[in-house]
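S.K.: Predicted structure and sequence below. I'll ask about it afterward.
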Amino acid sequence: MRPLIAPSVLASDFANLQSEVEMLNNSQADWLHIDIMDGRFVPNISFGFPVLEAIKRYAQKPLDVHLMIVEPEQYIERFREAGADTISVHVEASTHLHRTLQQIKATGAKAGIAVNPHTSVHLLEDVIADADLVCLMSVNPGFGGQKFIENTYRKIEALKNLIIQRNSQALIEIDGGVNQHNAPLLLEKGADVLVAGSFVFSADDPAQTIADLKSSK
Ligand SMILES: O=C(CO)[C@H](O)[C@H](O)COP(=O)(O)O
């Protein structure tokens, strides 16, 4: 099956956000990946509700919102109101992850779990059946343009096994350092969704780069 492609808006030109979103509307992108950083969970601050609402005004595709924030449960409803279609919270930031996944679903959004590179996917054993998506970080979160961490391939295999064992419907999303070179092996190992920021937005032709990723095999 062809992968879902979710370009990361973090790497776009914020001074021309409307035209960047329109480019994505006219491309083969499936979702828009939106990174929310609070300067506490990660050592960087990106943007918040007003920018998400602005993106939503122009986006014709689902918004896949990745919360890199502490106490994400405090803001779930507001992110949904601002336009999120999928909301992913970090397992490392969620004391009551099962409850938070139900809270996300109660808003009508899809519920995702994001996992840092150092965190074992086995921690998800008892919640994987409640997740619609697992976002495996293939860089340490906080910044675009970092080098892909090779151990991610092994984690995809372990996660895929867990999903099968627990009869979960969760999609596996890979986020960080994704490019045309590592995409084929990521898909072979079991990835369903590829997030790509700098690889897409630094290309001469971002829409063509998205199309190339979409036809990776
Ligand atoms: O979550 C993120 C950073 O925390 C970004 O989505 C991710 O890094 C994608 O950017 P790039 O493709 O440039 O690595």
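M.R.: Noted; the coordinates are in hand. Numbering: from 1, shown residues only.
S.K.: Get me the contact residues on this structure for the ligand.
M.R.: For the chain, the contact set with the ligand under Cβ under 6 Å from any ligand atom comprises 8, 10-11, 33, 35, 66, 139, 141-146, 175-178, 195-199. From N, CA and C alone the C-beta is placed, and that goes for glycine too.
S.K.: helices or strands up against the helix ranked longest in the chain?
M.R.: Ranked by residue count, the top helix of the chain under DSSP state H comes out as helix 152-165. Secondary-structure packing of helix 152-165 (3 or more Cβ pairs under 8 Å, 6 or more residues apart in numbering; DSSP states H and E): strand 133-137, strand 171-175, helix 183-189.
S.K.: pretty sure R166 contacts V121?
M.R.: No. Applying Cβ atoms under 8 Å as the test, R166 and V121 come out as separate, 11.5 Å apart.
S.K.: and the residue of the chain nearest the ligand?
M.R.: Proximity of the chain to the ligand (Cβ to the nearest ligand atom) peaks at G197, 2.8 Å away.
S.K.: Distance check, that residue against S88.
M.R.: 15 Å (Cβ to Cβ, to the nearest Å).
S.K.: And these two? Which one has more around it.
M.R.: Using other Cβ atoms under 10 Å as the criterion, G197 and S88 rank with S88 on top: 29 against 25.
S.K.: Can I get stretch 188-195 in CSV? Just the C-alpha atoms.
M.R.: Written as CSV, here are the backbone C-alpha positions of stretch 188-195 (Å, rounded to 0.1, in the frame of the first residue of the first chain):
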residue,chain,number,x,y,z
GLU,A,188,9.4,-2.3,4.4
LYS,A,189,9.7,-2.4,8.2
GLY,A,190,6.0,-1.4,8.5
ALA,A,191,5.7,2.4,8.5
ASP,A,192,2.3,3.7,7.3
VAL,A,193,2.8,7.5,7.6
LEU,A,194,5.9,9.4,6.7
VAL,A,195,6.4,12.9,8.2
